[in-house]
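In: fold the following.
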Amino acid sequence: MPLTPSKIEWGQGFQDSFATKSEQHRNSIKRALRMMARDLYYPSLQTHKLEGHGDIRGVHATDGQVITLTVDGTVVFLRACCNHDDVYRHP
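Out: Numbering: from 1, shown residues only. As a prediction, this is how the structure comes out:
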């Protein structure tokens, strides 16, 4: 079932990590955010819970870039955008 967020909040950690990305990665992340705005569970996003990290979820912007977030009702709080290998260390 689709989840259309009522609001997507950029946390400071997300803003800081987004600022360090290349233009190509930022564009991929923006494209993923547009898809998330329509449906958090859009198939290509591969939205999933991060095992062992409570309610933190991961969304794939690219094969190598993952956005971490939490969901409270229909509000999505963006935590970070990381390389895939770093997600499980510091979500």
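In: give me phi/psi at the residue most central in space within the chain?
Out: The residue lying closest to the centre of the chain (C-alpha atoms, centre = their mean) is residue 67, at 2.7 Å. Summarising the backbone geometry of residue 67 under the convention degrees, to the nearest 10, its torsions are phi -100, psi 130.
In: distance check, it against residue 47.
Out: Look at residue 67 and residue 47: by C-beta to C-beta, to the nearest Å, they are 10 Å apart. Using the backbone N, CA and C atoms, a C-beta is placed for each residue, glycine as well.
In: got any residues that touch both of these two?
Out: Where contact means C-beta atoms under 8 Å, 6 or more residues apart in numbering, the residues bridging residue 67 and residue 47 through contact with each are 58-59.
In: quick one on the thing from earlier: what's opposite the residue nearest to the centre of the chain in the beta bridge?
Out: Per DSSP bridges, residues listed as beta-bridge partners of residue 67: residue 59, residue 81.
In: my guess is it contacts residue 29. True?
Out: Yes: Residue 67 sits in contact with residue 29 when judged by C-beta atoms under 8 Å, with a separation of 6.5 Å.
In: which residues does residue 55 contact?
Out: 49, 70-71.
In: need the pLDDT of residue 74.
Out: The model reports residue 74 with a pLDDT of 91.
In: with adjacent residues omitted, what lies nearest to it?
Out: For residue 74, ignoring the flanking residues on the chain, the nearest one in space by C-beta to C-beta, 6 or more residues apart in numbering is residue 6 at 4.1 Å.
In: how many other residues sit next to the one you found?
Out: Residue 6 has 9 neighbours, counted by other C-beta atoms under 10 Å.
In: dump the residue contacts of it.
Out: Residue 6 sits next to 73-75 when contact means C-beta under 8 Å, 6+ apart.
In: tell me which other helices or strands the lowest-mean-pLDDT helix or strand in the chain touches.
Out: Across the helices and strands of the chain, mean confidence by mean pLDDT, DSSP states H and E is lowest for helix 84-87: a mean of 74. Other helices and strands packing on helix 84-87, by 3 or more C-beta pairs under 8 Å, 6 or more residues apart in numbering; DSSP states H and E, are strand 65-72.
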